[in-house]
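A.B. asks: Output the structure for:
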Amino acid sequence: MKTIIEPFRIQSVMPIKMTTRAEREAAVRTADFNLFRLRAEDVMIDLLTDSGTSAMSARQWAGVMQGDEAYAGSRSWFRFEAVVKDLTGFKHVIPTHQGRAAERILFSLLCKPGHVVPSNTHFDTTRANIEAAGAEALDLPVAEARTPGLVAPFKGNMDVEALRRVLKEKGRERVPLVMMTVTNNSGGGQPASLENLRAVRAACTEAGVPLYLDACRFAENAWLVREREAGQAGRAPRDIAREMFRLADGCTMSAKKDGLSNIGGFLCTNDDRLARAEKDLLILTEGFPTYGGLAARDLEATAIGLEEVLEPDYLAYRHAAIRYLVERLDAAGVPVMKPAGGHAIYLDAKAFLAHVPPHRYPGQALAVALYVHGGIRTCEIGTVMFGRPDPAGGPDRPAALELVRLAIPRRAYTQSHMDYVLEAVQEVFAARASLPGYRITDQAPHLRHFTAKFAPVA
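C.D. replies: Take a look at the predicted model:
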């Protein structure tokens, strides 16, 4: 049959507060037009992020009840460690409370002022943690990644020739590691191919530089490799994922994505000396190395989630839900990132709101409009998130892309919710000429999108 159904039944539900447009207008004004500052109960469809918002399975909730909460050496830790080692093949597994904690530990130990960390595209917390250590986060995406409407199978790839030039120019002493984000979140949730990963691995080996994966969405990347890459059709997603990890020297992981968990993460490495320093810093800032800031119940839930996320029926349904939205929006003429990625739909805000210049934040304008019109919370991934303020007070240096991400929480929404989202986006698109731009009235020096305040500009 053509219809792909959800490979699960729903046994527990949470009510949605149905709001009016007037109520949403008042709520977003109170939040200073920043959707991160909204009360969650005032959101009808929450697509702000897929991080920590998944619905856990019956197996995971059963695991929660079996958590061994011993401070050191708990049974739950050894189960978690065994699952991660079997999947990744890495020698050392260091638990953290979420992905950015793993990033902070890694980059604070490896990065120094003057260093450069190349990537296909760094996401926000990765970039912020690299810059907090005084290093430069350098994006080297392939050329096709810069054109949202272009259909290419692996727009998450890294430009290998550009990487080789950087490695040759900077040398091992200035490039402490290379990062590959799978899937490439900032670039539209697009996958990286195994062929590209192998080429990046070869370049790193020649230069003597370690390769790390930002592995938050490794399972979705593995599925898209299976679906799109020559020679990979029919392979088990688990086998593809294992090959991806074994091409790297280590990884950071937010288990709040493809760990199907509400909290958690880990840092892996094969380097004995680095692992010792990482564990010492973990004890100082997160917790003992057998819990790393997590309750044992969360270690249990994550271990089970890492197994469930690679089930082919789940991954087929997951990508079908994303593809359904992308194809229907594209057919309606709505500018959208193509092809469908792994975890979200990305609206091309630059084309959607062509009358709003980058320094008036078209992505923010579109995200606010979707909330006011339909109660849908989304996330700007453009000049608010990645632009650079002008020290002289002029317009921001714009981001490479102006996107609005509709991140779909795993196993949380139904087909009718997605149809509602489709209808709302199309109605906002029809009224796009009337939407204003925005200015920032208050901002933090780092990761400003989380807390900034905005005001509309006619």
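A.B. asks: Now the spatially most central residue of the chain. Nearest residue, chain neighbours left out?
C.D. replies: In the chain, the centroid-proximal residue (Cα atoms, centre = their mean) is Asn185; its distance is 4.7 Å. Closest residue to Asn185 apart from its sequence neighbours, by Cβ to Cβ, 6 or more residues apart in numbering: Phe123 at 4.8 Å. For every residue, glycine as well, the C-beta is placed using N, CA and C.
A.B. asks: So Thr19 sits against Met44, correct?
C.D. replies: Yes. Using Cβ atoms under 8 Å, Thr19 makes contact with Met44 at a distance of 6.4 Å.
A.B. asks: Find residues that contact each of these two.
C.D. replies: Counting by Cβ atoms under 8 Å, 6 or more residues apart in numbering, the residues touching both Thr19 and Met44 are Gly375.
A.B. asks: For burial, what's the neighbour tally of Cys379?
C.D. replies: Neighbour count for Cys379, taken as other Cβ atoms under 10 Å: 24.
A.B. asks: Quick check: nearest residue in space to it, chain neighbours excluded?
C.D. replies: In space, Cys379 is closest to Arg405, 4.7 Å off (Cβ to Cβ, 6+ apart).
A.B. asks: what do you get for Ile263?
C.D. replies: Ile263 sits nearest to Asp298 (Cβ to Cβ, 6+ apart), 5.4 Å away.
A.B. asks: try Ala316
C.D. replies: Excluding the flanking residues, the one nearest Ala316 by Cβ to Cβ, 6+ apart is Ile4, at 6.2 Å.
A.B. asks: ditto for Thr290
C.D. replies: Trp77 (4.0 Å).
A.B. asks: what's the answer for Val334, then?
C.D. replies: Once flanking residues are discounted, Val334 sits nearest to Phe429: 5.1 Å by Cβ to Cβ, 6+ apart.
A.B. asks: burial measure for the residue nearest to Asp46 when sequence neighbours are not counted, as a count.
C.D. replies: Counting by Cβ to Cβ, 6+ apart, Asp46 lies nearest to Arg377, which is 5.0 Å off, once chain neighbours are set aside. Residues near Arg377, counting by other Cβ under 10 Å, number 23.
A.B. asks: Tell me where this structure has strands.
C.D. replies: 45-46, 92-96, 116-119, 136-139, 178-181, 211-214, 250-254, 265-269, 344-348, 376-377, 379-381, 403-407, 437-442, 453-457 (DSSP state E).
A.B. asks: Same list (these) but as a markdown table, adding distance to Tyr324.
C.D. replies: What follows is the strands of the chain, written out as a markdown table (distance: least, Cβ to Cβ, whole Å):
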| stretch | distance to Tyr324 |
| --- | --- |
| strand 45-46 | 15 |
| strand 92-96 | 34 |
| strand 116-119 | 30 |
| strand 136-139 | 30 |
| strand 178-181 | 25 |
| strand 211-214 | 27 |
| strand 250-254 | 25 |
| strand 265-269 | 30 |
| strand 344-348 | 10 |
| strand 376-377 | 16 |
| strand 379-381 | 20 |
| strand 403-407 | 12 |
| strand 437-442 | 31 |
| strand 453-457 | 32 |
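A.B. asks: Out of those, which gets nearest to Arg164?
C.D. replies: strand 116-119 (10.1 Å; Cβ to Cβ).
A.B. asks: hmm, back to that, and the residue nearest to Ile263, how close does it get to Phe78?
C.D. replies: 15 Å (Cβ to Cβ, to the nearest Å).
A.B. asks: Of the two, which one has the most company?
C.D. replies: Neighbour count, other Cβ under 10 Å: between Asp298 and Phe78, Asp298 has more, with 25 against 14.
A.B. asks: Report the contact partners of that one.
C.D. replies: Counted by Cβ under 8 Å, 6+ apart, Asp298 has contacts Val64, Gly67, Ser261, Asn262, Ile263, Gly264.
A.B. asks: Count residues in the vicinity of the fourth one, would you?
C.D. replies: Asn262 is surrounded by 18 other residues when neighbours are defined as other Cβ under 10 Å.
A.B. asks: so Leu435 makes contact with Leu366?
C.D. replies: Yes. With contact defined as Cβ under 8 Å, Leu435 reaches Leu366; the gap is 7.2 Å.
A.B. asks: which residues do these two both contact?
C.D. replies: When contacts are counted by Cβ under 8 Å, 6+ apart, Leu435 and Leu366 have Leu353, Val428 as shared neighbours.
A.B. asks: Looking at these two, which is more packed in?
C.D. replies: Taking other Cβ under 10 Å, Leu435 and Leu366 do not tie; Leu366 has more neighbours (28 against 20).
A.B. asks: ok, the residue nearest to Thr290 touching Ala296?
C.D. replies: Yes. Using Cβ under 8 Å, Trp77 makes contact with Ala296 at a distance of 7.0 Å.
A.B. asks: before we move on, the earlier item: can you lay out the contacts of Asp298 as TSV showing pLDDT and distance to Pro191?
C.D. replies: Listed next are the contacts of Asp298 as TSV, based on pLDDT from 0 to 100; distance: Cβ to Cβ, whole Å:
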residue	pLDDT	distance to Pro191
Val64	97	31
Gly67	96	34
Ser261	96	22
Asn262	96	25
Ile263	97	26
Gly264	97	23
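A.B. asks: how deep is His355 tucked in, by neighbour count?
C.D. replies: His355 has 13 nearby residues by other Cβ under 10 Å.
A.B. asks: quick one on the thing from earlier: show me what contacts the residue nearest to the centre of the chain?
C.D. replies: Counting by Cβ under 8 Å, 6+ apart, Asn185 makes contact with Thr121, Phe123, Cys216, Arg217, His343.
A.B. asks: wait, which of those is closest to Arg104?
C.D. replies: Comparing those against Arg104 with Cβ to Cβ picks out Phe123 as the nearest, at 14.0 Å.
A.B. asks: out of the contacts of Asp298, who's nearest Met158?
C.D. replies: Gly264 (27.3 Å).
A.B. asks: got a list of what the nearest residue to that closest one once chain neighbours are set aside touches?
C.D. replies: In this structure, Gly264 finds its nearest non-sequential neighbour in Ala255, 3.8 Å apart by Cβ to Cβ, 6+ apart. For Ala255, the contact set (Cβ under 8 Å, 6+ apart) comprises Gln98, Gly99, Ser261, Ile263, Gly264, Gly265, Phe266, Thr302, Gly305, Leu306.
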